[in-house]
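okay, here's the prediction I keep looking at, along with the sequence it came from:
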Amino acid sequence: MKITLRHFIILILAVIILLNIELLFNSIEMLLLFLVLLFSDFKQAVVQINISFVDYSISTLLIFMIPLLVLIFNKQLKILQDKLTFISAIITLLLTFTIFAPLTVSSNPNFQKDLRVTKLLTPFSTVQKLYLKKDKIKPASKLDSFIFKKNEVIKKSFSEDFIFVNSVKISGSNLIYTQKNKEIKIGKDKIEIKNGKPLIESKTFILGTDQYGRDILSRLIYGTRLSLFIGLGAVIVSFFIGIILGFIAGYTGGFFDSLLNRFTEMFLAFPILFLIIFIIAIFDSSIFSIILVLGVSGWMSLFKIVRAEVIKLKTKDFFITAKLIGLSNYKLLTKEVLPNIISPVVVNLVFLYGNVILAEAALSFLGLGAGNNYPSWGEMIQAGQSYITIAWWMIVFPGLMLFITLLTANELGRKIEHRFNSGIAI
């Protein structure tokens, strides 16, 4: 039996659903409570909307919608019927991490607590979560009900509901827990009791933890989202700059062609690192400034391709005819030029995408990227440098993710180029 991309997508989503049934039910309940609040108190409902709420809501809805869409459009989308390959599997996993990050991680990527226990844990290390007793407050209004459920669903960067411990033993009316050879006594009245016993759960860190006790796997997954988002944004910026300037240079010729060529060569000759540092110094290292600086520094190759193709196309009969019948420059670009240069443009953008991801990781490694505020592969590699001899996993796993992503992007670019040039399917 041939394993297709459709089978793999449905399998991955089914695994996520099965591993997060309780979270999904709570998320659905959160959405229902929000709808109730929206109709009863619109202003309060709008105030409660934030990025985390939108993120969890979209992930919850898409986890059920995508399998249905895959089954409905299975025959129309031939790519879903293609045999599963290494490239398609990696792309599917990267997109899954990006879209469903809140559902694929066990904790907030910035969560840190009880460093005595969680600092620099090796992969597959297990610690115990000892739950503390908390006051049970009954929601008094629809707003309180929604806030309570939202706090239950959205993973926070810190929690006082439990503590991480190495071991636990009961001594009379007290409970003694150990945190790295240090014994601490606490009364049973402060511990959450279930079925007459202290509520204790095991927590496994599959890829270990960093110097702040943060889960490496969670940070890798959220780092995937950051890298793919910045890569997409920068490629879009480069696309519009390269397409527009390339069309103007190739179509007008003469003075504008020479001017734009000199301008492009100036960008190619100017050290990009200095340009990046200059722009970041002005706009700070936010996600959008990183997208802007990487997009502005990557359009030159696309400009060269578009300009050369437009110079060839503008002498063709179909292009001359379209111009004579009065098509605007915008329609000439979108109707006559882009369809004929789509092959080299797409290939260039795919290779550029890989280069942008590498550049973002390099910026974060140097402390200039968005990794200062968000989990980033480059920042994780930089942090792991200081602990390479005692915590190899801090640098190996993000480095491996970066390598696999770049390899996939390059291989995808080659296959797309091969398909456009020879007509052979990927």
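Nice, thanks for sending it over.

rest of the way, CA atoms for contacts and neighbours
Fine.

now the lowest-mean-pLDDT helix or strand in the chain - C-alpha only, PDB.
Within the chain, no helix or strand scores below helix 272-283, which has a mean of 73 by mean pLDDT, DSSP states H and E. Only the C-alpha atoms of helix 272-283 are listed here, as PDB (Å, rounded to 0.1, in the frame of the first residue of the first chain):
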ATOM      1  CA  ILE A 272      24.900  43.300   4.100                       C
ATOM      2  CA  LEU A 273      25.800  42.900   7.700                       C
ATOM      3  CA  PHE A 274      26.400  46.600   8.100                       C
ATOM      4  CA  LEU A 275      23.100  47.400   6.500                       C
ATOM      5  CA  ILE A 276      21.300  45.000   8.800                       C
ATOM      6  CA  ILE A 277      23.000  46.500  11.900                       C
ATOM      7  CA  PHE A 278      22.100  50.000  10.700                       C
ATOM      8  CA  ILE A 279      18.400  49.200  10.100                       C
ATOM      9  CA  ILE A 280      18.100  47.300  13.400                       C
ATOM     10  CA  ALA A 281      19.700  50.200  15.300                       C
ATOM     11  CA  ILE A 282      16.900  52.400  13.900                       C
ATOM     12  CA  PHE A 283      13.900  50.200  14.300                       C
END
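
beyond that helix, next helix or strand please.
Next along the chain after helix 272-283, taking DSSP states H and E as the criterion, comes helix 287-296.

in that following helix, what's buried?
Residues Ile287, Ser289, Ile290, Ile291, Leu292, Val293, Leu294, Gly295, Val296 are the ones in helix 287-296 that count as buried (16 or more other CA atoms under 10 Å).

for stretch 73-87, same thing?
Buried positions in stretch 73-87, judged by neighbour count with 16+ other CA under 10 Å: Ile79, Leu80, Gln81, Asp82, Leu84, Ile87.

for stretch 259-276, same thing?
Leu260, Asn261, Thr264, Phe267, Ile272, Leu275, Ile276.

for Thr4, grab phi and psi.
When read as degrees, to the nearest 10, the backbone of Thr4 gives phi -100, psi 170.

tell me the pLDDT at it?
At Thr4, the pLDDT value in this model is 87.

give me the nearest residue to it, chain neighbours excluded.
If the residues on either side of it in the chain are set aside, Thr4 comes closest to Lys83, at 4.4 Å by CA to CA, 6 or more residues apart in numbering.

so where is the stretch 301-426 of the chain shaky, pLDDT-wise?
Residue ranges of the stretch 301-426 of the chain with pLDDT under 70: 371-373, 421-426.

what about the helices in it?
Remark: helices assigned in the stretch 301-426 of the chain by DSSP state H, counting those that start in this stretch are 317-324, 329-331, 338-365, 377-385, 393-422.

quick one: end-to-end distance for stretch 157-172.
With CA to CA, to the nearest Å as the measure, stretch 157-172 spans 34 Å from end to end.

now do that stretch: everything it contacts.
Stretch 157-172 is contacted from outside by 108-114, 117-118, 127-134, 175-180, using CA atoms under 8 Å, 6 or more residues apart in numbering.

what of stretch 97-109?
16, 20, 23, 55-56, 59, 63, 155-157, 214-219, 221-222, 224-225, 228, 375.

next one: stretch 184-195 to chain centre, how far?
39 Å (CA atoms, centre = their mean, to the nearest Å).

what is the mean pLDDT for it?
Here the average pLDDT along stretch 184-195 is 84.

show me where pLDDT drops low in the stretch 1-150 of the chain?
In the stretch 1-150 of the chain (pLDDT under 70), the answer is 1.

swap the cut-off to 80 and go again
1-2, 135-140 (pLDDT under 80).

does Lys304 really touch Gly246, like I thought?
Yes. Lys304 lies in contact with Gly246 (CA atoms under 8 Å); the separation is 6.7 Å.

looking at these two, which is more packed in?
Gly246 (28 against 19; other CA atoms under 10 Å).

name the helices or strands packed onto the helix or strand containing the more buried one?
If you go by DSSP H and E, Gly246 is part of helix 216-252. Applying 3 or more CA pairs under 8 Å, 6 or more residues apart in numbering; DSSP states H and E, we find helix 216-252 packed against helix 86-99, helix 101-104, helix 254-269, helix 287-296, helix 300-313, helix 338-365, helix 377-385, helix 393-422.

if you set the cut-off to 6 Å instead, what comes out?
helix 287-296, helix 300-313, helix 338-365 (3 or more CA pairs under 6 Å, 6 or more residues apart in numbering; DSSP states H and E).

of all these, which lies closest to Ile404?
helix 338-365 (10.6 Å; CA to CA).

output the contacting helices and strands for the closest one.
Judged by 3+ CA pairs under 6 Å, 6+ apart, the packing partners of helix 338-365 are helix 216-252, helix 377-385, helix 393-422.

what comes up buried for that helix?
For helix 338-365, by 16+ other CA under 10 Å, it's 338, 343-365.

same question, stretch 104-114
Neighbour count says stretch 104-114 has Thr104, Val105, Ser106, Ser107, Asn108, Pro109, Asn110, Phe111, Gln112, Lys113 buried, by 16+ other CA under 10 Å.

relative to Ile193, how far out is Ser167?
From Ser167 to Ile193 the distance is 17 Å (CA to CA).

how about Ile311?
77 Å.

please save the CA atoms from stretch 149-156 in CSV.
Extracted C-alpha coordinates of stretch 149-156, given in CSV (Å, rounded to 0.1, in the frame of the first residue of the first chain):
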residue,chain,number,x,y,z
LYS,A,149,-11.5,28.8,31.5
LYS,A,150,-9.0,30.9,29.5
ASN,A,151,-6.5,30.7,32.3
GLU,A,152,-7.0,27.0,32.4
VAL,A,153,-6.4,26.6,28.7
ILE,A,154,-3.6,29.0,27.8
LYS,A,155,-0.2,27.9,29.0
LYS,A,156,1.6,30.5,31.1
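
got a list of contacts for that stretch?
Met30, Asn108 (CA atoms under 6 Å, 6 or more residues apart in numbering).

let's see it at 8 Å
Taking CA under 8 Å, 6+ apart as the rule, stretch 149-156 contacts Leu23, Asn26, Ser27, Glu29, Met30, Ser52, Phe53, Tyr56, Ser107, Asn108, Phe111.

surely the last one is in a strand?
This means Phe111. No. Counting by DSSP: H, G, I helix; E, B strand; the rest coil, Phe111 is not part of a strand but coil.

all numbers from here: first residue = 501
I'll keep to 501 as the first residue from here, and by that count the last item is Phe611.

quick check: it touching Ser718?
No. With contact defined as CA under 8 Å, Phe611 does not reach Ser718; the gap is 9.5 Å.

what residues are shared contacts of those two?
By CA under 8 Å, 6+ apart, no residue touches both Phe611 and Ser718.
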